[in-house]
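> With the sequence up front, the predicted model follows.
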Amino acid sequence: MKSISIENELRGNAYPGRGIIIGKTPDGKHAATAYFIMGRSENSRNRIFVAEGDGIRTEAFDPSKLEDPSLIIYAPVRVRGNDTIVTNGDQTDTIYDLMGEGKTFEEALRTREFEPDGPNYTPRISGVMHMAEGFNYEMSILKSDNGNPDQCNRYTFFYDNPVAGEGHFIHTYMHDGNPLPSFEGEPKLIEMNDDMDAFADMLWDSLNEDNKVSLFVRYINLEDGTVRTKIINKNEK
């Protein structure tokens with residue numbers, strides 16, 4: 001697979017929806033992840049990321065304007081031991097809980113399916129960074145069968161011994177539309193950056209100005225385990 005510029009990829013797509021990036025920095029010193037959310041409706045745009053423990057959660061920027069919280073209020077990032085879980089929905093909690101019972105990432109996601117928001121049937125995208133013995137990561141997408149809600153197609157991708165400078169990007173929608181077309185294919189191979197702040201700023205600046213809502217970026221030092229995190233919200237309190 002040919003590596004692509006994540007900057008060009010985002011600038012060329014007004015509505016990739018929600019997206020997860022996981023990879024290793026070019027200098028080989030950090031495991032990196034990013035998660036962003038976008039929105040078209042007032043309810044979806046009325047959100048911010050806030051820190052919660054070792055992870056983050058979404059909350060309403062203006063609680064008085066919050067309508068249906070069921071698919072927009074959740075914890076996108078949680079940490080269990082040496083594993084960092086990143087998802088676009090409340091399946092974060094499912095993975096966290098079932099991994100605590102000895103289940104694998106893939107086994108936990110077998111209990112879930114795409115979101116019940118027909119006609120879009122938004123895919124559930126998930127990732128986990130394993131840091132116990134070196135660094136490797138998994139990514140997953142649960143999606144309807146070409147818009148058929150009676151069938152859930154489940155895809156899991158495992159990246160062992162990641163290559164320095166390479167990452168993978170998966171998102172919910174191919175592009176804007178009505179209904180929104182689900183992501184197709186395997187996660188896209190992208191170029192990473194050693195500088196977390198520069199990487200975060202590039203991602204944020206590349207997202208569509210009208211639709212972007214929030215961005216989370218985390219770099220984990222592979223030698224000593226120290227963590228750096230950056231959150232950018234379009235809405236600021």
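Sure, I can see it. Residues are numbered from 1 along each chain as shown.

> C-alpha only now, for contacts and for neighbours.
OK.

> strand partners of the strand or helix carrying residue 215, parallel vs antiparallel please.
Following DSSP states H and E, one finds residue 215 within strand 212-221. Here strand 212-221 is paired, per DSSP bridges, with strand 30-38 (antiparallel), strand 227-233 (antiparallel).

> Name the stretch among those strands that sits most buried.
Of these, the one with the most neighbours on average (mean count of other CA atoms under 10 Å) is strand 30-38, at a mean of 25.

> which strand of this protein spans the most residues?
In the chain, with assignment by DSSP state E, the single longest strand is strand 148-159.

> Show me what secondary structure element comes after that one.
Using DSSP H and E, the helix or strand that follows strand 148-159 in sequence is strand 166-171.

> ok so, going back, please name whichever of the strands paired with strand 212-221 is nearest to residue 194.
strand 30-38 (7.9 Å; CA to CA).

> Export only the CA atoms of that closest one, formatted as CSV.
In CSV, the C-alpha atoms belonging to strand 30-38 read as follows (Å, rounded to 0.1, in the frame of the first residue of the first chain):
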residue,chain,number,x,y,z
HIS,A,30,6.9,7.5,20.4
ALA,A,31,3.6,5.6,19.8
ALA,A,32,1.1,8.2,18.6
THR,A,33,-2.6,8.3,18.3
ALA,A,34,-5.2,10.9,17.2
TYR,A,35,-9.0,11.0,17.3
PHE,A,36,-11.2,13.7,15.8
ILE,A,37,-14.9,14.3,15.6
MET,A,38,-16.9,16.4,13.1
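
> Give me the buried positions along the helix or strand following that strand.
Per DSSP H and E, the first helix or strand lying C-terminal to strand 30-38 is helix 42-45. The neighbour-count check on helix 42-45 (16 or more other CA atoms under 10 Å) flags 43, 44, 45 as buried.

> Residue 73 - how many residues pack around it?
Residues lying near residue 73 (other CA atoms under 10 Å) number 19.

> Buried residues, the strand holding residue 215. List them.
Those would be 212, 213, 214, 215, 216, 217, 218, 219, 220, for strand 212-221 by 16+ other CA under 10 Å.

> what does it rub up against?
29-39, 45, 47-49, 196, 200, 204, 226-235 (CA atoms under 8 Å, 6 or more residues apart in numbering).

> Over to stretch 137-144?
22, 105-106, 112-114, 121-130, 150-160, 182, 187.

> Check stretch 65-81 too.
By CA under 8 Å, 6+ apart, stretch 65-81 touches 43-44, 46, 54-60, 84-90, 92-93, 96, 100, 115.

> Distance of residue 186 relative to residue 67?
Computed as CA to CA, to the nearest Å, the residue 186 to residue 67 distance reads 34 Å.

> same deal with residue 162?
41 Å.

> Who has more neighbours out of these two?
For residue 162 and residue 67, the more surrounded residue by other CA under 10 Å is residue 162, and the numbers stand at 19 against 13.
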